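*Asks:* using only what follows, build the 3D model:
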Amino acid sequence: MLFILNNIVGVLKKIENAGFKAYIVGGFVRDFYLNKENSDVDICTSAKPSDLRKIFGDNISLDQYGSLILTENNNKYEITTFRRESKYLDNRHPTKVKFVNNLKTDLKRRDFTMNAICLTSDLNYIDIFKGREDINKRLIRMIGKPDKRLKEDALRILRAIRFSVTLDFELEENLKTAIKQNSHLVNNLSYFYKKKELEKIFLSPNIKKGIELILDLGLDSSLELKNLEKTVLTSSLIGIWTQLDVTDIYPFSSSEVYIMKAVKKLEEKDLNDVHILYNNQLIVLKLAAEIRKIDPNIIEANYNKLPIHNSSDIEINYKEIEDMLNDKSSNKINDIIKDIEHLILSEKIENKKNILIDYISKRYN
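*Replies:* Numbering: from 1, shown residues only. The predicted structure is shown next:
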């Protein structure tokens with residue numbers, strides 16, 4: 001982190017040498033104080049976007065809200081001009097942004113006290129809202145009135161829970177009450193952002209606390225998370241999502257949807273049945289086992305013992321059967337392959353070409 005810090009200090013000094021104020025702010029400072037690794041760097045400054053472009057030239061890209069991404073020494077930093085936000089739209093986005101020269105005004109718009117601590121280029125803390133005190137108390141406290149701040153941006157509800165889980169901090173009581181009263185506001189968030197925050201919670205070693213918080217604060221219904229209270233913790237994230245029945249709600253890749261639906265189909269199946277093992281991918285079988293609290297290592301061992309794992313393992317192929325019978329009926333040949341698959345898996349016939357030829361000749365000629 002010290003290497004990253006030295007590079008950031010260099011960026012701050014460039015801005016200061018141009019006559020402006022600049023500070024490191026947000027999660028990097030919080031984690032620096034906690035002695036935790038973090039490479040996600042935010043900088044706030046009195047310099048306006050046009051000033052920053054003059055300082056850094058083509059190394060920056062601007063967006064419409066006055067934020068920019070600076071690429072410097074193969075590192076990326078987000079830089080925002082001090083600003084005031086107002087008139088929030090859809091409980092998420094400010095419709096009005098005004099640049100200001102006052103650091104405190106800028107920090108007031110941030111979510112929690114622990115995320116509003118600044119570091120100067122001399123590595124001194126500026127802590128207007130006593131964020132370090134709250135960190136020492138392991139407490140997540142909202143800047144301003146929680147009810148008003150959550151109504152401005154409902155994503156703060158999920159961020160509060162996520163930080164409580166990943167940092168193992170407690171929610172300040174007024175914040176907790178406000179979350180309960182405004183839990184319905186998460187309905188207005190996009191599924192993309194909800195999924196992003198939930199996955200950080202589900203990936204945490206402290207996931208049990210996350211699930212308990214979501215249930216206790218009444219967010220499971222608004223988040224459309226069915227069966228959350230019955231969810232079995234699995235070694236993979238997709239195992240958690242599978243149990244929540246959200247494949248048609250939250251955004252997933254086609255391969256993820258395939259796996260989740262395949263696992264669901266195995267809910268009542270005998271996972272040690274050779275035909276179930278043969279007809280499913282190992283990742284699907286092991287996930288299904290975990291969810292049902294069956295040792296996945298046993299399932300994997302049984303899978304590996306199968307005499308064949310797909311039709312290409314059969315010692316006689318489609319063309320050979322076709323030539324052997326002088327019959328080009330695809331339905332018939334496919335039925336023969338299914339027949340010998342079943343016999344091999346059931347260990348009623350050995351997977352040897354001469355034995356298979358003999359069987360097919362007697363059975364189908």
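*Asks:* backbone phi and psi for residue 256, please?
*Replies:* Here is the backbone geometry of residue 256 (degrees, to the nearest 10): phi -70, psi -40.
*Asks:* ok, it touching residue 238?
*Replies:* Yes. In this structure, residue 256 is within contact of residue 238 by CB atoms under 8 Å, at 5.9 Å. The way it works is simple: take the backbone N, C-alpha and C, and place the C-beta from them, glycine included.
*Asks:* what about residue 44, which SS state?
*Replies:* The three-state assignment at residue 44 reads strand, by DSSP: H, G, I helix; E, B strand; the rest coil.
*Asks:* contacting residues for it?
*Replies:* 22, 23, 25, 79, 80, 81, 82, 103, 106, 118 (CB atoms under 8 Å, 6 or more residues apart in numbering).
*Asks:* buried residues in stretch 284-301?
*Replies:* 284, 285, 286, 287, 288, 289, 290, 291, 292, 296, 299 (16 or more other CB atoms under 10 Å).
*Asks:* and the last one, what element?
*Replies:* Translated: residue 299. Counting by DSSP states H and E, the element that carries residue 299 is helix 296-304.
*Asks:* quick one: buried residues of the following helix or strand past that helix?
*Replies:* Moving toward the C-terminus from helix 296-304, the next helix or strand (DSSP H and E) is helix 318-325. By neighbour count on 16+ other CB under 10 Å, the buried set for helix 318-325 is 320, 321, 322, 324, 325.
*Asks:* can I get the residues you listed in JSON lines with distance to residue 56 and pLDDT?
*Replies:* Converted to JSON lines, those look like this (distance: CB to CB, whole Å; pLDDT from 0 to 100):
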{"residue": "320", "distance to residue 56": "68", "pLDDT": "90"}
{"residue": "321", "distance to residue 56": "69", "pLDDT": "89"}
{"residue": "322", "distance to residue 56": "69", "pLDDT": "87"}
{"residue": "324", "distance to residue 56": "73", "pLDDT": "85"}
{"residue": "325", "distance to residue 56": "74", "pLDDT": "85"}
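*Asks:* before we move on, back to that, now render the buried residues of stretch 284-301 as CSV, adding distance to residue 249.
*Replies:* Formatted as CSV, those follow (distance: CB to CB, whole Å):
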residue, distance to residue 249
284, 21
285, 25
286, 25
287, 20
288, 21
289, 25
290, 23
291, 19
292, 24
296, 27
299, 29
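*Asks:* now, these that are in helices?
*Replies:* Using DSSP state H, 284, 285, 286, 287, 288, 289, 290, 291, 296, 299 are the members of the buried residues of stretch 284-301 that sit in helices.
*Asks:* closest to residue 185 among the residues you listed?
*Replies:* residue 291 (31.3 Å; CB to CB).
*Asks:* wait, isn't the closest one in contact with residue 238?
*Replies:* No. With contact defined as CB under 8 Å, residue 291 does not reach residue 238; the gap is 10.8 Å.
*Asks:* list the buried residues of stretch 17-27.
*Replies:* Those would be 20, 21, 22, 23, 24, 25, 26, for stretch 17-27 by 16+ other CB under 10 Å.
*Asks:* could you check how far it is from the centre of its chain?
*Replies:* Relative to its chain's centre, stretch 17-27 lies at 31 Å (CA atoms, centre = their mean, to the nearest Å).
*Asks:* how about stretch 132-151?
*Replies:* For stretch 132-151, the distance to the chain centre is 24 Å (CA atoms, centre = their mean).
*Asks:* contacting residues around that stretch?
*Replies:* 30, 33-34, 88, 91, 107-108, 110-114, 116-117, 125, 129, 156-157, 160, 163-164, 167-172, 174-175, 177-179, 181-182, 185.
*Asks:* let's see 7 Å
*Replies:* For stretch 132-151, contacts defined as CB atoms under 7 Å, 6 or more residues apart in numbering pick out 30, 33-34, 91, 108, 110-114, 116-117, 125, 129, 156-157, 160, 163-164, 169-172, 174-175, 178-179, 181-182, 185.
*Asks:* before we move on, the earlier item: quick one: which of the buried residues of helix 318-325 is nearest residue 353?
*Replies:* Nearest member of the buried residues of helix 318-325 to residue 353, counting by CB to CB, is residue 320, at 8.3 Å.
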